[in-house]
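Colleague: Here is my input, please return the structure:
(2 chains)
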Amino acid sequence: MSSLQPVRGTHDLMFEDIRRHRHIEATAFEVAARYGYAEIATPVFEFTEVFSRTLGDTSDVVTKEMYTFDTKGGESITLRPEGTAGVARAFISGGLAQQTPLKFFYRGAMFRHERPQKGRQRQFHQVGVELLGVESPQADVEVIALAAHILSSLDLNGEITLEINSLGDVESRAAYREALISHFAPHKNYLSAENQERLGKNPLRILDSKTEIVDEKLLIKTAPKFEAYLNEASRNFFKAVQDGLAALDIKFKVNPALVRGLDYYCHTAFEFTTGVLGAQSTVLAGGRYDGLIKQMGGPPTSGIGWAAGVERLALMMREIAPAQRPIAIIPVSPAEETVAAALTHALRQAGLTVDIGYSGNMGKRMKRADKIKAAAAVILGGDEVRDGTATLRNLDSGEQVNVKQADLARQLTAWGLCPPSGA
RNA sequence: GCGGGUGUAGCUCAGUUGGUCAGAGCAUCUGGUUGUGGUCCAGAGGGUCGUGGGUUCGAGCCCCAUCACUCGCCCCA
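Modeller: Numbers count the residues shown, from 1 in each chain, chains lettered A, B, ... in the order given. The predicted structure is shown next:
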């Protein structure tokens, strides 16, 4: 193994890649801000129990995918595998219960020791939101609407569909769990080893397993439906969410197999998926977690949120051009380099994007200007320096004029090449 | 974690049954054009064939291991 390779499952982001990431994060934040969400940045690592307590011991994320290590002080800390636990911890340790409702947006790197694949890395990035302290189904609607709004703002290549489901409240879920167990337990032998294990820990998860075995398929297909076990309150809640989405003209499909394993999830679960990313089809997912903050030791507080995978969205995005084409300053000979440097500085101060090369004759510098897609070249030779002028060449049209150095910005504006200066 | 596939120049890839097979295009650099780019022409540089072993007279090609990527499972964003 070469030590000069990046660690497995990690990536350097540059050029087009990082432009896409920035664009996704900026768009997500901009739209979220319109909905009243404020940014929160929690630490990249937390005490291990922040995650182990919230994600539970049945979750693969906790049981085998976390980057956990001991500090010199003997504390166990973990690189965050997801964003919600950190926000919930911040809510508790900051005593924010007095300030609900709270709307948070976050972005950043997450870490999971999974087997890498396209759209699945060990260090990856998410943007996400959490809405804390609102019990009403209106919160679910808003959070889903925000997600849909962001996704449509990104102009993605490929269809994205929204699926939702209800996990009901505690009572409904307990009843359904019992029903599933009594449905599957007598035919346990038809289930795969994985599903037999789930039967004990997490019977809901059996519903969304992909199996090829006919008998198992049939068994899953004939399982009782959650709908029948939702109590009235849960049913009303789910209906309110669906009505709310319909009122906003947001298309969705109810998918009874869409489940969450952890106990603190309740009511709404939703996923935005695409067919263009292979096995990594989920692009954004979330749900309601009314039990989470209490389970972590805070005051009972309802919450709902989602997270989206930046890498996955980036894979679906069209090309992002660099923000601004530069102006290239080109001294004809070394004698003009000092003046050229001063002019470069002045134009940058005036708010222009200016590039100057550091070597080569004029022909090479022109080539470089072309390669970096400069909009115009400012040519400074002996004559120009003597007269306090510059030769300005429009690199798209080939048009070329001699102007006073002080008039450069004006001429660029006339050509439509000079963006409004920040000044 | 499990099961497949792939790995040759900076990039995209060709390399027939192991015996001039180390190549092409693009990119880069140089020159044609020492005050004018994008086109064109000519030329040049660049590869321990992912890495480490093994088989063989001989391995890019076969075998083993390993690393990375990739597809599916799993899990999830």
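
Colleague: What is the neighbour count of residue A:149?
Modeller: Residue A:149: 17 surrounding residues under other CB atoms under 10 Å. Backbone N, C-alpha and C define where each C-beta goes, glycine included.

Colleague: quick check, it in a helix?
Modeller: Yes. Under DSSP: H, G, I helix; E, B strand; the rest coil, residue A:149 falls within a helix.

Colleague: Spatially nearest residue to it, not counting backbone neighbours?
Modeller: Spatial nearest neighbour of residue A:149, excluding adjacent residues (CB to CB, 6 or more residues apart in numbering): residue A:31 at 5.3 Å.

Colleague: So what does that neighbour have for phi and psi?
Modeller: Taking degrees, to the nearest 10, you get phi -70, psi -40 for the backbone angles of residue A:31.

Colleague: beta partners of residue A:391?
Modeller: Assessed by DSSP bridges, residue A:391 has beta-bridge partners residue A:379, residue A:402.

Colleague: contacting residues for it?
Modeller: Neighbouring residues of residue A:391 by CB atoms under 8 Å, 6 or more residues apart in numbering: A:378-381, A:384, A:400-402.

Colleague: Would you mind naming what in the stretch 201-350 of chain A lies close to RNA strand B?
Modeller: A:205, A:209-211, A:261, A:271, A:278-285, A:307-309, A:311-312, A:332-333 (CB under 7 Å from any atom of the strand).

Colleague: give me the low-pLDDT residue ranges for the stretch 151-300 of chain A?
Modeller: Low-confidence regions of the stretch 151-300 of chain A, defined by pLDDT under 70, span residues A:261.

Colleague: again but with the stretch 1-150 of chain A, I slipped
Modeller: In the stretch 1-150 of chain A (pLDDT under 70), the answer is A:1-3, A:56-58, A:62-63.

Colleague: Could I get the full set of strands for it?
Modeller: In the stretch 1-150 of chain A, the strands defined using DSSP state E, counting those that start in this stretch lie at A:38-39, A:45-47, A:67-70, A:76-79, A:102-111, A:123-132.

Colleague: now the helices for the stretch 201-350 of chain A?
Modeller: A:203-206, A:214-221, A:232-247, A:292-295, A:310-315, A:337-349 (DSSP state H, counting those that start in this stretch).

Colleague: which residues touch the fourth one?
Modeller: If I follow you right, that is helix A:292-295. Outside helix A:292-295, the residues touching it (CB under 8 Å, 6+ apart) are A:53-54, A:84, A:88, A:91-92, A:132, A:263-264, A:299-301, A:303.

Colleague: how far does it sit from the chain's center?
Modeller: From the chain centre to the centre of helix A:292-295 is a distance of 25 Å (CA atoms, centre = their mean, to the nearest Å).

Colleague: re the thing from before, can you redo the helices of the stretch 201-350 of chain A as CSV with mean neighbour count and distance to residue A:49?
Modeller: Output for those, formatted as CSV (neighbours: other CB atoms under 10 Å; distance: least, CB to CB, whole Å):
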stretch, mean neighbour count, distance to residue A:49
helix A:203-206, 22, 24
helix A:214-221, 14, 35
helix A:232-247, 16, 31
helix A:292-295, 20, 12
helix A:310-315, 23, 27
helix A:337-349, 16, 50
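
Colleague: Residue A:205 reaches residue A:257, doesn't it?
Modeller: No. Under the criterion of CB atoms under 8 Å, residue A:205 is not in contact with residue A:257, lying 9.9 Å apart.

Colleague: what residues does stretch A:15-25 touch?
Modeller: Here stretch A:15-25 makes contact (CB under 8 Å, 6+ apart) with A:11, A:13, A:107, A:125, A:127, A:154, A:310, A:313-314, A:317, A:319-320, A:322.
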